[in-house]
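1. my questions are about this predicted structure, shown below with the sequence.
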Amino acid sequence: MTPRTRRCLADLLDHAAAAGRLVERGRAAYDADEMLRYAAEDLLIRLGETVARIDRDDPGFVDAHPRLELRRVKDARNLVAHGYDVVDSAIVWSIVATNVPAVAAEVEALLTSDG
């Protein structure tokens, strides 16, 4: 893993922590507040852009670590960024509440085990 990849993964954990703080507000708050929904979408874009940087700077890393599910993070980014007019807020909530914490846990485990 390159030093830049390590920094990007740390950035990913920061974005995931922000997503966790959003989720802590609860689903009812998310559903009631347009700005929280936009914030969740922005976090997915940031997470996906982080993966795009890793892909660009450390080719093969994402494919070499399928357990991290980074490709799915990038796919979610593309959906939100390019299909913003058809984005389902319930799906965004599910990704932010369920998938992002799982990805973050795997990234944390990798960073911890890699020294």
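-> Done, it's in.

2. next structured bit after the worst-scoring helix or strand of the chain on mean pLDDT?
-> Counting by mean pLDDT, DSSP states H and E, the chain has its least confident helix or strand at helix 70-82, which shows a mean of 88. For helix 70-82, the following helix or strand on the C-terminal side (DSSP states H and E) is helix 89-94.

3. packing partners for that following helix?
-> Contacts defined by 3 or more CB pairs under 8 Å, 6 or more residues apart in numbering; DSSP states H and E place helix 89-94 against helix 27-32, helix 34-57. Bear in mind the C-beta positions are built from the backbone N, C-alpha and C, glycine included.

4. quick one: contacts for the residue nearest the centre of the chain?
-> Nearest to the geometric centre of the chain sits residue 47, at 3.7 Å (CA atoms, centre = their mean). Residue 47 sits next to 12, 15-16, 19, 73, 76-77, 100, 103 when contact means CB atoms under 8 Å, 6 or more residues apart in numbering.

5. so which of those residues would you say is closest to residue 36?
-> Distance to residue 36 across the contacts of residue 47 (CB to CB) is lowest for residue 19, with 11.1 Å.
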